[in-house]
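S.K.: model this:
(chains A and B)
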Amino acid sequence: DAGVTQSPTHLIKTRGQHVTLRCSPISGHKSVSWYQQVLGQGPQFIFQYYEKEERGRGNFPDRFSARQFPNYSSELNVNALLLGDSALYLCASSLGTGGETGELFFGEGSRLTVL
Amino acid sequence: DQQVKQNSPSLSVQEGRISILNCDYTNSMFDYFLWYKKYPAEGPTFLISISSIKDKNEDGRFTVFLNKSAKHLSLHIVPSQPGDSAVYFCAAIPTGTASKLTFGTGTRLQVTL
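M.R.: Next up, the predicted model:
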């Protein structure tokens, strides 16, 4: 079975540009969460979507947005990129809203570099 | 404000010995705790978890201990194997927010031969 897949794996943008990151969850999983991992830090929660509805949002500016499609895949959009947005963006899926176990299945991430 | 702290950025342990990774938290609303392992160029992988109603959970070579009064948890790996070399993240979930994990900064474990 395919795990969580993310694209692109690496990308380079310049300040002020816009980026779209994509995620396909594990088949059957209805919840997708996005995390940002800056070098040397742990992943930080950005969004959670379940059944196409936003279920949670972390402490990120409005430049960050996301959506979930009917097939449960998801996009993370970041506008007006700043140097500080350079990070590994991780997508995670789970069966329900995260499950009582909190067990999330992570993809390999999209590494964004902003120049 | 770092609500989940892993104060040891790195740890080196000999193969066959016990590895003990520590984690402290400050938010009393956290009621579920998890450990994730991360290899380079891979996403974090779930390892083991513990609910706040327990003080110990065991899964094979991995045991997690929770001391609620001290707001401290630890992961024990016995015996340590070279394949355990990775970055280990402690994570916590507040009541009612199932997918909103708060992660620590990670501890890099190196298991030497």
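
S.K.: would you map the strands across chain A?
M.R.: With strands called from DSSP state E, chain A shows them at A:5-7, A:10-13, A:19-24, A:31-37, A:44-50, A:53-57, A:64-68, A:74-78, A:87-94, A:105-106, A:110-114.

S.K.: from the chain's centroid, how far away is the fifth one?
M.R.: Relative to its chain's centre, strand A:44-50 lies at 7 Å (C-alpha atoms, centre = their mean, to the nearest Å).

S.K.: what does it contact?
M.R.: A:30-38, A:54-58, A:60, A:64, A:66-68, A:74, A:76, A:89, A:96-98, B:99-103 (C-beta atoms under 8 Å, 6 or more residues apart in numbering or on different chains). From N, CA and C alone the C-beta is placed, and that goes for glycine too.

S.K.: mind redoing it with 7 Å?
M.R.: Residues from elsewhere that reach strand A:44-50 (C-beta atoms under 7 Å, 6 or more residues apart in numbering or on different chains): A:30-36, A:54-58, A:60, A:64, A:66, A:68, A:74, A:97, B:99-101.

S.K.: any of these buried? List them.
M.R.: Buried by 16 or more other C-beta atoms under 10 Å in any protein chain shown: A:30-36, A:55-56, A:58, A:60, A:64, A:66, A:68, A:74, A:97, B:99-101, out of the contacts of strand A:44-50.

S.K.: other SSEs contacting the helix or strand bottoming out on mean pLDDT in chain A?
M.R.: Across the helices and strands of chain A, mean pLDDT, DSSP states H and E gives its lowest value to strand A:53-57, namely a mean of 90. Judged by 3 or more C-beta pairs under 7 Å, 6 or more residues apart in numbering or on different chains; DSSP states H and E, the packing partners of strand A:53-57 are strand A:44-50.

S.K.: and the strand it packs on with strand A:74-78, angle?
M.R.: 140 degrees (axes from the mean of the first three to the mean of the last three C-alpha atoms, to 10 degrees).
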